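Visitor: Structure for the following, please:
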Amino acid sequence: LKNLTYEKQLIGDMSLGLVWLPDDMGKHYVQSFLSYQGSEVLTAEGAFYGSEEKSYIDAKVEWEHFPLHIINVFIPGGLATFSGDMDGECLITGASSQPSINGKLMLDKVSIDAHQYGAHFNLDDRAVQITNNRMVFDNFSIYTTRNNPFVINGSIDFQEISHPRADLTLHANNYTLLDARRKHGSLLYGKVFVDVNSTIKGHLESLVMRGNMNVRGNTDATYVLADSPLTIQDRLGDLVTFTPFADTLSTGKEKTQTVLVKGLDVLMAVHIDQAARLKTDLSADRSSRIELEGGGDLSFQYTPRGDMTLTGRYTLHSGLIKYAFSVIPLKEFTIKDGSYMEWTGNMTDPKLAFKAAERVRTSVMREDGSSRMVSFDVSMEIRNRLEHLETVIEKSLCISKIIIPLFSTVLIVIIIHPGTNINLF
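Guide: Prediction:
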C-alpha cells in the first residue's frame, strides 16, 4: 500500500504478507509480516492444530522498532502525538479459547506531546514483563523535565482474553505536570507541580479511578482565554451601560472537538495549595489578564456516560484584574481577600464572586484657581455564573465637600482620561 492515508492524513508505505501451509495431519502453519517504509516492524509465526471442538495454538509474535507515530493519525484534532518505537516478543501457547501468553514489551525513546497544553512526557524504556497472562508494571515511570517520575505499579490481567482487568496504583510527589514556555497556539503555559495518589481498577471497558491530587504551592500557570464575555455597568442611574462587540455569549462559537472515554468512572479529590498562582490571559498581548492566588478543595467526577462535574470552592487571598473595556482604557484592580469561584456541578459554568478596587487620584480646580487632589476608590465586582457573567463598576469618594450629583460625570471622565483637571463650583 503506497502512501496509505487515514482521514486525509498520511500514514506511509505499508505492506502485509501472509503464508498459510496445512499438512496432512491437520496442522496449519502460518507466517506473516508487516512492513513500514520498507522495513519489517512486526512478524508472527506459529501453528494451529486440533479439532473444531478443541484447538490449540503455538505462536510467536515479535515487534522490531514498531513506529508509534502511526497512532497519531487516529487521535482526533492532534490532541496528542506519539514518537519513538516499540520492541518486544510474545509467546502464545495452549488452548485457543484460553491461551497462555508470556513475553515482554520495551519502549524505545517513546514520548507523548500535548502541544496545546505544552506538556511533554517521556515513558520508561525498561521492559514490561508479561507472565502467565499478566502484564506487570514494576515502578513503571513517566518523566517530564525532572528526574522525579510519575510511577505506576500493578498489573493488567487478561486471563479472560475478552475481559482484561486492571489493578493499578498511581503515585507522584512534587511531580512536574507542566513546564512550558508561552508559544503561539498554546492554551496553557507555566509550571504545575502536583502530588497524586490514586488507583485504577476494573475491566478495561469499565475502569474505576479513585484518589486525590494536590496542586502544590510552587505552581505558577497561565491559561490562555480566546474570548472574554464581560459586561460592564455603572450603577449610578445607568449612566454607562455597554457590552463589548466581542461578546461571545450572543454570537456563535466554533465548536471545540472533545474526546469522551465512555465507561470510565473517575472520582478525585483535588486540593489547591494557598500559595499556588493561577493566571488567565484575556488578550493576545497579555495586557488584559487575571492573576489569582488562593486555594481550596474540589471534587472532580467523570461518569461512565462521559459527563464531567466539579464541586467545591476556590477562595482567593490576593490577585489582580487588568482589563480594557470598550470605552475605558486599561485599568488594574486589586482583588480583595475572600473573593471566590464556586462550582456546583457544571465545571464550565462556575459562580464568580470577585471584588477588586483601584485608587484613582485627580486634581480638582476651585473658584479661586487653586487645586486640590481628590481620591476615588473605583471598585469592580465580577459576579454571576460564567455563562451570564457581568462586571459592575462602582465608586466612592474619599474626600467630602464634593457635590453628589456630579459623581457619575466625574468618575467617567477620570477613568477615561486620568489626570484631567475638573472644575467643580
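
Visitor: Can you pull out the low-pLDDT segments for the stretch 301-425 of the chain?
Guide: By pLDDT under 70, the low-scoring segments of the stretch 301-425 of the chain are 324-329, 364, 366-367, 375, 377, 393-425.

Visitor: So which residues of it form strands?
Guide: Remark: strands assigned in the stretch 301-425 of the chain by DSSP state E, counting those that start in this stretch are 308-323, 331-335, 340-346, 351-365, 371-385, 390-397, 422-423.

Visitor: from the chain's centre, how far out does the second one sit?
Guide: If you compare the mean C-alpha spot of strand 331-335 with that of the full chain, they lie 28 Å apart, counting by CA atoms, centre = their mean, to the nearest Å.

Visitor: got the angle for it vs strand 308-323?
Guide: 130 degrees (axes from the mean of the first three to the mean of the last three CA atoms, to 10 degrees).

Visitor: packing partners for strand 331-335?
Guide: strand 308-323, strand 351-365, strand 371-385 (3 or more CB pairs under 8 Å, 6 or more residues apart in numbering; DSSP states H and E). Just so you know, the C-beta spots here come from the backbone N, C-alpha and C atoms, and that holds for glycine as well.

Visitor: list the contacts for the residue lying farthest from the centre of the chain?
Guide: The C-alpha centroid of the chain is most remote from Asp368, which lies 62.4 Å away (CA atoms, centre = their mean). If you count contacts by CB atoms under 8 Å, 6 or more residues apart in numbering, Asp368 has none.

Visitor: how far away is it from Val374?
Guide: 16 Å (CB to CB, to the nearest Å).

Visitor: Same question for Ser363.
Guide: 8 Å.

Visitor: Give me the more crowded residue out of those two.
Guide: Remark: of Ser363 and Val374, Val374 carries more neighbours, 19 against 12, as counted by other CB atoms under 10 Å.

Visitor: Quick check: bridge partners of that one?
Guide: Thr362 (DSSP bridges).

Visitor: Look at the closest residue to Pro99 other than its chain neighbours and say how many residues are nearby.
Guide: Spatially, and ignoring its direct neighbours in sequence, Pro99 is nearest to Ile92 (5.0 Å; CB to CB, 6 or more residues apart in numbering). Ile92: 17 surrounding residues under other CB under 10 Å.

Visitor: So, low pLDDT: which residues of the stretch 151-300 of the chain?
Guide: Ranges of the stretch 151-300 of the chain meeting pLDDT under 70: 226-262.

Visitor: switch the cut-off to 80
Guide: Where the stretch 151-300 of the chain drops to pLDDT under 80, the residues are 184-186, 225-263, 283-287.

Visitor: Could I get the contacting residues of the residue nearest the centre of the chain?
Guide: Residue closest to the average C-alpha location in the chain (CA atoms, centre = their mean): Tyr117, at 6.6 Å. With CB under 8 Å, 6+ apart as the criterion, the residues that contact Tyr117 are Leu178, Ala180, Ser186, Leu187, Leu188.

Visitor: who does the closest residue to Gly46 other than its chain neighbours bridge with?
Guide: Closest residue to Gly46 apart from its sequence neighbours, by CB to CB, 6+ apart: Ala59 at 2.6 Å. Counting by DSSP bridges, Ala59 forms beta bridges with Gly46, Ile92.

Visitor: Ala59 touches Ser32, doesn't it?
Guide: No. Counting by CB atoms under 8 Å, Ala59 stays clear of Ser32, with 10.1 Å between them.

Visitor: Run a quick neighbour tally on Met213.
Guide: Neighbour number of Met213 under other CB under 10 Å is 20.

Visitor: what pLDDT does Lys104 get?
Guide: The score at Lys104 is 96. That number is its pLDDT.

Visitor: What residues are bridge-paired with it?
Guide: Bridge pairing for Lys104 - DSSP bridges - gives Glu89, Gln129.
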